[in-house]
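Q: A predicted structure for the sequence below; I have some questions about it.
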Amino acid sequence: MSTARGPVTPQARQPWKKLPVIGVVAGVLFLIGAILVPLINRTTTDAQEFSEPIARVAVTSDNGRVEIAVAESGPARVEATRRYALSRPDLNAFVRGGTLSVRAACPGWAFLSCSTDLRVMVARGTDVRVNVSGGDVRVDGVEGAVVVRSASGSVAVADARGARIDVRTVADKVRIEAVRAPRSIDALSQAGRIDIVVPAGRYDITAVGNGRLNVDPSLESGSGRAPRIGVRSDTGDIVIGTRPG
């Protein structure tokens, strides 16, 4: 038994003709979002203090600036400024086993309108580890080891006094200023300039990059016993020099 079928209309054969309509609808929705999001954006700021002994700080953040600074006196402190439209970013800070853990995360659907800026103040000798997906990082004045991993954002390590500095970012610049000669410095940027400033002395330096390479010759020794500096930038310039004065 056969079933009769009606003729296929040209419109049914050409679904691509609906694409302009879909594009217009998507554009209208995007425009509405662009207008509404600034109107419903909110900003909140809060702080927490921790009196427990802290040897290490570990910060993980989805989106936002991270700053690690020295608390000259008093307890460790975490200051958070959260900016969001509909859903507030999650923030979790706690001390366990001598480690201050700070975690800031945004809902996946709200990532473009969600961020948390963090300022963490710890004792000068604290070891620091920071992992960020998007946002600048600055670590200032600590004497502990510094390890930073960033998917997108500049990284600055200033007034560094620790034995180990290890910085890697995918897409931005890196600047490291050491006031004491560290045991090792490792710096990697896939797409950004790298500046290293160290005290005068002899160093075992390895610098690889496709951009301009400028290394102060007075720093190079070629000896494996000297403090080690390893630098790589796939597309940016590399400058390694001494502190003025």
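A: Nice, I can see it.
Q: how many neighbours does Arg175 have?
A: 19 (other Cβ atoms under 10 Å). Glycine gets a C-beta too; all of them are placed from N, C-alpha and C.
Q: I should have written Ser115 there, sorry.
A: 22.
Q: distance of it from Ile229?
A: 33 Å (Cβ to Cβ, to the nearest Å).
Q: please apply the same query to Ala200.
A: 14 Å.
Q: who's more crowded, these two?
A: Ile229 (24 against 12).
Q: hmm, who's touching the helix or strand harbouring that one?
A: Using DSSP states H and E, the element containing Ile229 is strand 228-233. If you take Cβ atoms under 8 Å, 6 or more residues apart in numbering as the criterion, strand 228-233 is touched by 183-190, 192-194, 196, 198, 203-211, 219, 238, 240.
Q: low-confidence ranges in the protein?
A: Across the chain, the ranges flagged by pLDDT under 70 are 1-40, 109-112, 222-224, 245.
Q: what segments of it are helices?
A: Taking DSSP state H as the criterion, the chain contains helices spanning 10-13, 19-40.
Q: filter the contacts of strand 228-233 to the buried ones?
A: Among these, those classed as buried by 16 or more other Cβ atoms under 10 Å are 185-189, 192-194, 196, 198, 203-205, 207, 209, 219, 238, 240.
Q: can you verify my assumption that Ile205 contacts Pro217?
A: No. Judged on Cβ atoms under 8 Å, Ile205 makes no contact with Pro217 at a distance of 10.1 Å.
Q: that older thread, which residues are in contact with both of Ala200 and Ile229?
A: Leu219.
Q: list the contacts for Arg175?
A: Here Arg175 is in contact with Ser154, Val155, Ala156, Val157, Ala158, Ile194, Asp195, Ile196, Val197 (criterion: Cβ under 8 Å, 6+ apart).
Q: rewinding a little: out of the contacts of strand 228-233, which sit inside strands?
A: In this view, the contacts of strand 228-233 that belong to strands under DSSP state E are 184-189, 194, 196, 198, 204-209, 238, 240.
Q: show me what contacts Ser152?
A: Ser133, Gly134, Gly135, Thr169, Val170, Ala171, Asp172.
Q: what about 10 Å?
A: By Cβ atoms under 10 Å, 6 or more residues apart in numbering, the residues touching Ser152 are Asn63, Val132, Ser133, Gly134, Gly135, Asp136, Thr169, Val170, Ala171, Asp172, Ala191.
Q: okay, now Arg212: neighbour count?
A: So Arg212, with other Cβ under 10 Å, has 11 neighbours.
Q: how deep is the residue nearest to it when sequence neighbours are not counted tucked in, by neighbour count?
A: Nearest residue to Arg212, sequence neighbours excluded (Cβ to Cβ, 6 or more residues apart in numbering): Asp237, at 4.2 Å. Taking other Cβ under 10 Å as the neighbour definition, Asp237 ends up with a count of 16.
Q: for stretch 63-72, measure first residue to last.
A: The first residue of stretch 63-72 is 28 Å away from its last residue (Cα to Cα, to the nearest Å).
Q: which parts of that stretch are buried?
A: Asn63, Gly64, Arg65, Val66, Glu67, Ile68, Ala69, Val70, Ala71.
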